[in-house]
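Engineer: The sequence isn't on hand, but the structure is:
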Ligand SMILES: Nc1ncnc2c1ncn2[C@@H]1O[C@H](COP(=O)(O)OP(=O)(O)OP(=O)(O)O)[C@@H](O)[C@H]1O
Ligand SMILES: [Mg+2]
């Protein structure tokens, strides 16, 4: 790799385009870490937010009114407030109310929940609130006659939800879900605000040290395009994998 | 402490009707859909319910498996009182199969899976045994070879026969059919009617809501005409079609025959 590094260093000297995160060992290390952290944040929050969505949409169908009201309240709260405010609220509002605990490896007192964990929690709930609404409309699109058929076969409400309604609702929801998850990946960079060393945060560190703001900005744009594109490819694959032959088209001849 | 009384189960006598309705009333708001329906179906019998649109045929049939709760009266299926607040729905529904006009197959499951799902999920039966039975049922409804097709890849008539097989997989004692051929073209209608006829011949108790007068005449043991939520006339088909007693029956038959 050394020739590559040398080439980029020389490239900087020739053109003034300064890509320290490639040729400089220190910047490279933190960039790789930051990139990975963004990928980790994305994957974990995607999984958790989908779980929040499925669970919330399920709870919205219970007979317990207070539970339904709680889910509705949660959805409005997280849909109608800016995600940055939510992250701050969790980190500064809730985080500082929690006790500190002893970290046995360093012997120092550390927060019970780290800033990375707060970011994961807050982003998962933020995207999860949207997923609840998305799954809710996906569920509403499942014809009632299908539920009646299952009911007549003796399925319980829970079995109907998990075996029939949800598999169909997920397929109905896929396009809207994809949009929301793309949005979530882009929103992970708000973790920057509570000093989570993800892609955006390390880029800022690098440009502060190397005064290569312009290069880092272009790099960030490209990096997010690549990340989002990876997700889009995955979603397209998922859509194809879940496609039901003959479903969603006109009924068979 | 509230003691919940056990569900009413009347031990069946050998020749007691398998389905028995007594003075069943049902209204949706101000719409009195069933206004005192009584009828008995003996084991192995096939009855047809005919009548003008909106006369309450679907409502009647859906009351029998508790899809629609009734206001008053009594419905008994093999001694199970359907109009019982403590009704054990599963024990009723494993005994009563229903097939709808719109098939209502699960579109994300193959024909075979549609048939296998309920016995495995609901009755917790063993998969291998259920699969063998499902394959046999596919043969019985003359769809061998279509096991791995999805509902969307099957014709309406084929889907309807899978729906019949799906109900039969629960080994019900009674089958309800609600205008199961109404959405089909004449060709595919026949396939489905033949399937039901086979079932009736094999001794299945069938309650069939239909507009197919030929089927009612040839296959059923008894024909009921409903109008405005009442049974206007009922008789064995030979008598019902050749010698109707009620003026409304004659009027209805003159329109559909
Ligand atoms: N769930 C419901 N809520 C309100 N009204 C209903 C409901 N189901 C049926 N009805 C009404 O009950 C009446 C009888 O309907 P039903 O479907 O039983 O008639 P039907 O004899 O099966 O007619 P068709 O031959 O058209 O199928 C109709 O006036 C209908 O509008
Ligand atoms: Mg009807």
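Structural biologist: Cool, the structure landed. Predicted model, so just to flag it, every value in this text is computed and none were measured. Ligands and ions are numbered 1, 2, ... in the order given.
Engineer: Doesn't residue B:232 lie inside a helix?
Structural biologist: No - the assignment for residue B:232, made by DSSP: H, G, I helix; E, B strand; the rest coil, is strand rather than a helix.
Engineer: give me every residue that touches it.
Structural biologist: Contacts for residue B:232 (CB atoms under 8 Å, 6 or more residues apart in numbering or on different chains) come out as B:51, B:225-226, B:246, B:248-249. C-beta coordinates here come from the backbone N, C-alpha and C atoms, glycine included.
Engineer: Need these in TSV (columns: secondary structure).
Structural biologist: Converted to TSV, the contacts of residue B:232 look like this (three-state DSSP):
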residue	secondary structure
B:51	coil
B:225	strand
B:226	strand
B:246	coil
B:248	helix
B:249	helix
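Engineer: So residue B:176 lies in a strand, does it not?
Structural biologist: Yes - membership of residue B:176 in a strand is supported by three-state DSSP.
Engineer: hey, what's it bridged with?
Structural biologist: Going by DSSP bridges, residue B:176 is paired in beta bridges with residue B:98, residue B:207.
Engineer: How about the contacts made by it?
Structural biologist: Here residue B:176 is in contact with B:61, B:64-65, B:96-99, B:206-207 (CB under 8 Å, 6+ apart).
Engineer: correct me, but residue A:135 touches residue A:55?
Structural biologist: No - if you go by CB atoms under 8 Å, residue A:135 and residue A:55 don't touch, sitting 9.5 Å apart.
Engineer: and those two? which has more neighbours close in?
Structural biologist: More crowded of residue A:135 and residue A:55, by other CB atoms under 10 Å in any protein chain shown: residue A:135, with 27 against 15.
Engineer: For the more buried one, which non-adjacent residue is spatially closest?
Structural biologist: residue A:57 (3.8 Å; CB to CB, 6 or more residues apart in numbering or on different chains).
Engineer: list the contacts for that neighbour?
Structural biologist: By CB under 8 Å, 6+ apart, the residues touching residue A:57 are A:131-132, A:135-136, A:138-139, A:169.
Engineer: secondary structure element for the residue lying closest to residue B:187 once chain neighbours are set aside?
Structural biologist: Spatial nearest neighbour of residue B:187, chain neighbours left out: residue B:157 (7.6 Å); criterion: CB to CB, 6+ apart. Secondary structure from DSSP states H and E places residue B:157 in helix B:156-168.
Engineer: for residue A:72, same thing?
Structural biologist: Using DSSP H and E, residue A:72 sits within helix A:65-79.
Engineer: And the next helix or strand past that helix?
Structural biologist: Assignment by DSSP H and E places the next element after helix A:65-79 at helix A:83-88.
Engineer: quick one: the next helix or strand after that following helix to chain centroid distance?
Structural biologist: Downstream of helix A:83-88, the next assigned helix or strand under DSSP H and E is strand A:100-102. Put simply, strand A:100-102 sits 28 Å off its chain's centre (CA atoms, centre = their mean, to the nearest Å).
Engineer: What of stretch B:53-61?
Structural biologist: Relative to its parent chain, stretch B:53-61 has a centroid offset of 12 Å by CA atoms, centre = their mean.
Engineer: Report whether that stretch contacts ligand 1.
Structural biologist: Yes - shown here: stretch B:53-61 in contact with ligand 1 (CB under 6 Å from any ligand atom) through B:53-59.
Engineer: Quick check: of those residues, which lies closest to residue A:241?
Structural biologist: Nearest to residue A:241 among those is residue B:58, at 38.3 Å by CB to CB.
Engineer: quick one, what contacts that closest one?
Structural biologist: Taking CB under 8 Å, 6+ apart, we find residue B:58 in contact with B:178-179, B:209.
Engineer: Would you mind checking the average pLDDT for the helix or strand harbouring it?
Structural biologist: Using DSSP H and E, residue B:58 sits within helix B:57-64. Per-residue pLDDT over helix B:57-64 has a mean of 96.
Engineer: Check stretch A:35-42 too.
Structural biologist: Mean predicted lDDT for stretch A:35-42 stands at 96.
Engineer: List the buried residues of it.
Structural biologist: Using 16 or more other CB atoms under 10 Å in any protein chain shown as the test for burial, stretch A:35-42 gives A:35, A:37-39, A:41-42.
Engineer: got it, and stretch B:34-46?
Structural biologist: By neighbour count on 16+ other CB under 10 Å, the buried set for stretch B:34-46 is B:34, B:37, B:39, B:41, B:43, B:45-46.
Engineer: Which ones among the residues you listed map onto strands?
Structural biologist: B:34, B:37, B:39, B:41, B:46 (DSSP state E).
Engineer: ok, which of those residues also contact ligand 1?
Structural biologist: Among these, no residue is within reach of ligand 1 (CB under 6 Å from any ligand atom).
Engineer: Between those residues, which sits nearest residue A:114?
Structural biologist: Nearest to residue A:114 among these, with distances taken as CB to CB, is residue B:34, at 64.4 Å.
Engineer: Does that closest one touch residue B:227 like I think?
Structural biologist: No - in this structure residue B:34 lies outside contact range of residue B:227 using CB under 8 Å: 11.7 Å.
Engineer: which residues touch the helix holding residue A:72?
Structural biologist: Helix A:65-79 has contacts (CB under 8 Å, 6+ apart) with A:56, A:59-60, A:62, A:86, A:125-126, A:128-130, A:132-133.
Engineer: buried sites along it?
Structural biologist: By 16+ other CB under 10 Å, the buried positions in helix A:65-79 come out as A:71, A:74-75, A:78.
Engineer: The chain: helices as residue ranges?
Structural biologist: Unless you meant another one, I'm taking chain A. Counting by DSSP state H, chain A has helices at residues A:2-15, A:20-23, A:25-59, A:65-79, A:83-88, A:115-140, A:144-152, A:157-159, A:166-187, A:199-210, A:213-241.
Engineer: sorry, should have said chain B
Structural biologist: Using DSSP H, helices in chain B cover B:57-64, B:89-93, B:111-121, B:127-140, B:156-168, B:186-201, B:213-219, B:237-242, B:247-256.
Engineer: Please name whichever of those helices is nearest to residue A:2.
Structural biologist: For the helices of chain B, the distance to residue A:2 is smallest for helix B:111-121, at 57.9 Å, taking CB to CB.
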